[in-house]
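S.K.: predicted model and sequence follow; I will ask about them next.
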Amino acid sequence: MQLQNLIGLVLPPVIDLINKKIGDERIRFAVSILLCVVVGLLINLDKLNDLNSLLGNMAVVFATAQTTYNLYWKKSTLRKAIK
């Protein structure tokens with residue numbers, strides 16, 4: 001498993017904790033995108049001049065995080081306990 005996939009799998013709980021007090025869905029979504037962009041940048045620190053790799057990592061992190069959220073985390077009992 002690649003690093004960006006692994007990080008995307010664990011991001012939904014982190015994003016939920018950050019968004020805990022934010023009620024507006026648009027702002028919550030923007031925060032999740034921003035966090036995925038930051039993580040993508042951190043993964044690519046050694047290759048910042050490679051725009052293809054940078055955008056690819058950001059997209060994979062975001063897609064994995066969204067998929068994990070919608071398939072598992074959204075209905076999780078642990079999520080309800082955190083909220």
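M.R.: Received, thanks. For clarity, every value in this text was computed on a predicted model and none was experimentally measured. Numbers count the residues shown, from 1 in each chain.

S.K.: got the buried residues for the longest helix seen in the chain?
M.R.: Looking across the chain with DSSP state H, the single longest helix is helix 51-71. Under the neighbour-count criterion of 16 or more other Cβ atoms under 10 Å, helix 51-71 has 54, 57, 58, 60, 61, 62, 64, 65, 66, 68, 69 buried. (Each C-beta comes from the backbone N, C-alpha and C, glycine too.)

S.K.: what sits against the second one?
M.R.: Read it as residue 57. 4, 40, 43, 44 (Cβ atoms under 8 Å, 6 or more residues apart in numbering).

S.K.: what of the third one?
M.R.: Counting by Cβ under 8 Å, 6+ apart, residue 58 touches 36, 37, 39, 40, 41.

S.K.: out of these, who has the most neighbours?
M.R.: residue 36 (25 neighbours; other Cβ atoms under 10 Å).

S.K.: residue 6 is in contact with residue 43, correct?
M.R.: No. Counting by Cβ atoms under 8 Å, residue 43 sits too far from residue 6 to count as a contact (10.4 Å).
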